[in-house]
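**Q** build me a model from this:
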Amino acid sequence: MRHTTPSPRTLWTMLLALAAGFALSQAFRTVAAILATPLQAEFGLSAQALGVFAGAFHFAFGVMQFFMGIGIDLYGVRRTVLTAFPMAAAGALMAALAPGYGVLVLGQVLIGIGCAPAFLVCTVFIARHFPASRFAAVSGAVMGLSGVGMLATGTPLAWLVQAFSWRAGFMVLAGACVLAWCGIYATVHEPAPAPGDPKAPRESVAAAVRGFAALFLVRHTWGIVALGAVAYASFITLRGLWLGPLLIARHGFSLVDSGNVALAVSLAGIFSAPLFGRLDPGLARRRRWIVGCTLLTALVFAAMALAHSSWLDVAAPLAIALLSGYIVLQYADVRSAYPAALTGRAMAVFTMSMFLGVALMQWLTGAVASAAQAQGWEPFAAVLGAIAALLAAAAAAFAWLPAPAVARGSP
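**A** Predicted coordinates for the structure are as follows:
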């Protein structure tokens, strides 16, 4: 039987293996920014169809959080991620071989299902095996490391697509999924109970579902969900969908040039998450920081919408990436808002709101872009303005809706 208290080195080895899966999830959710132009050229996609393609991954990812949260609470991190992740490889292979738009979207759905537990298993593993005082810092470090996935969908993916095709990008990602699954299988083993410890009875699936649904009866869940649906979605919608088309169509950048900007944005995001993890101000001020960062991000999006400046459209995404790390504070807020027994499901609710929010925002901004084009307006200004408005509304909801009792108390 494995030792009941793994060493710090063993814990970090397991966490890094899980983070490899999350890095691939990051890659998949940001491929659309580089693949948008070649996909539009090959399949004749409208802006709205492109939004559906990008959003399909996030919709499947978000819906599956319900099942992944229950799976983690009932069957553990290892079994849940090993069961789901092969779907990501299968979806990537399907996308690479897709003869048309419908199969391409179906591949995105399969990838979203396969990647659904990717970050959730990391956050639950951290919550269970690291001290609560280190949750934000360790989560930030993992988010930073997983940014390697976004780096891969910058210049490297742009070069691969330009040298070969967009299909080659999906083939490479499918192979990387297989390697990551093997790494998780070989290294991740959750600690067994200590000899003599009473074994807790396994909760039934029906009871787990009721417990999941009960979270939505908690008043402070709605503020968390409202902001969760918009904050991360704004960054991913820019970095993962509109950044490449904006730079290419608005300023005449080449595919590789836009890939270089995407790479720089990804690097900024990598440093942002660990930074915010270390700067976590604690319970008393954390929520004020979250609202402030959300409103500041909204202002940057508004500036991009109003000004048609090439330097601003390069600098502003970098600023948004640097601010995006405050999502670590949101996870820490969720971690402190619910009892330990509900950690898996609470994180799943938050993650579900995040990625359903990404799917909705990518679909909505695609529709906004198409409507703007039909009126003869510049589509990117409409898209960026809509994102700014959504961020401002979400910040207001988070500030005005009921907060957890722990957040109203002392740190």
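
**Q** buried ones in stretch 392-403, by neighbour count?
**A** Within stretch 392-403, the residues that count as buried by 16 or more other Cβ atoms under 10 Å are 392, 394, 395, 397, 398, 399, 401, 403. No exception for glycine: its C-beta is placed from N, CA and C like everyone else's.

**Q** what sits against the fifth one?
**A** Read that as residue 398. Contact analysis of residue 398 by Cβ atoms under 8 Å, 6 or more residues apart in numbering lists 223, 224, 226, 227, 287, 290, 291, 294.

**Q** surely residue 86 meets residue 114?
**A** Yes - counting by Cβ atoms under 8 Å, residue 86 touches residue 114, with 6.6 Å between them.

**Q** who has more neighbours, the two?
**A** Using other Cβ atoms under 10 Å, the more surrounded residue of residue 86 and residue 114 is residue 114, with 30 against 14.

**Q** shaky segments in the stretch 1-150 of the chain?
**A** 1-5 (pLDDT under 70).

**Q** what segments of it are helices?
**A** Counting by DSSP state H, counting those that start in this stretch, the stretch 1-150 of the chain has helices at residues 8-30, 32-43, 47-75, 77-84, 86-96, 101-115, 118-129, 135-146, 148-152.

**Q** repeat for the stretch 201-350 of the chain
**A** 205-214, 221-228, 231-237, 243-251, 255-279, 283-306, 310-323, 327-337, 343-374.

**Q** now distance to residue 177 and mean pLDDT too, for those helices, in JSON lines please.
**A** Shown next, in JSON lines, are these (distance: least, Cβ to Cβ, whole Å; pLDDT from 0 to 100):
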{"stretch": "helix 205-214", "distance to residue 177": "28", "mean pLDDT": "70"}
{"stretch": "helix 221-228", "distance to residue 177": "26", "mean pLDDT": "90"}
{"stretch": "helix 231-237", "distance to residue 177": "20", "mean pLDDT": "89"}
{"stretch": "helix 243-251", "distance to residue 177": "23", "mean pLDDT": "88"}
{"stretch": "helix 255-279", "distance to residue 177": "19", "mean pLDDT": "82"}
{"stretch": "helix 283-306", "distance to residue 177": "31", "mean pLDDT": "93"}
{"stretch": "helix 310-323", "distance to residue 177": "25", "mean pLDDT": "93"}
{"stretch": "helix 327-337", "distance to residue 177": "24", "mean pLDDT": "84"}
{"stretch": "helix 343-374", "distance to residue 177": "18", "mean pLDDT": "84"}
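
**Q** winner for burial among those helices?
**A** Greatest average neighbour count among the helices of the stretch 201-350 of the chain goes to helix 231-237 (a mean of 27), per mean count of other Cβ atoms under 10 Å.

**Q** contacts for that helix?
**A** Taking Cβ under 8 Å, 6+ apart as the rule, helix 231-237 contacts 29-30, 58, 269, 294, 297, 301, 320-321, 324, 326-327, 330, 354, 357-358, 360-362, 365, 387, 390-391, 394.

**Q** got any residues that touch both of residue 86 and residue 114?
**A** Contact criterion Cβ under 8 Å, 6+ apart; residues shared by residue 86 and residue 114: residue 177.

**Q** closest one of the buried residues of stretch 392-403 to residue 305?
**A** The closest of the buried residues of stretch 392-403 to residue 305 turns out to be residue 392 (Cβ to Cβ; 12.6 Å).

**Q** so that closest one is in which element?
**A** helix 379-400 (DSSP states H and E).

**Q** what's the mean pLDDT across that helix?
**A** On average, the pLDDT along helix 379-400 is 95.

**Q** count the residues that sit near residue 164.
**A** With other Cβ under 10 Å as criterion, residue 164 counts 12.

**Q** for residue 380, that is, sorry about that
**A** 21.

**Q** that one and residue 248 touch, don't they?
**A** No - taking contacts as Cβ under 8 Å, residue 380 lies outside contact range of residue 248: 10.8 Å.

**Q** now the end-to-end length of stretch 78-92.
**A** Distance across stretch 78-92, first residue to last, is 22 Å (Cα to Cα, to the nearest Å).

**Q** can you list contacts of that stretch?
**A** 18, 21, 24-25, 28, 64, 68, 71-72, 106-118, 121, 170-171, 173-175, 177-178, 180-181, 184-185, 188-190.

**Q** likewise stretch 167-182?
**A** 17, 20-21, 23-24, 27-28, 31, 34-35, 82, 85-86, 88-90, 92-93, 95-97, 107, 114, 157, 160-161.

**Q** buried set for it?
**A** Applying 16+ other Cβ under 10 Å to stretch 167-182 flags 167, 169, 170, 171, 172, 173, 174, 176, 177, 180, 181 as buried.

**Q** take those and keep only those in helices.
**A** Judged by DSSP state H, these include 167, 169, 170, 171, 172, 173, 174, 176, 177, 180, 181 as members of helices.

**Q** export those as CSV, with columns for pLDDT and distance to residue 144.
**A** Converted to CSV, those look like this (pLDDT from 0 to 100; distance: Cβ to Cβ, whole Å):
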residue, pLDDT, distance to residue 144
167, 91, 30
169, 88, 23
170, 90, 25
171, 93, 27
172, 92, 23
173, 92, 21
174, 94, 25
176, 93, 19
177, 94, 21
180, 93, 18
181, 95, 23
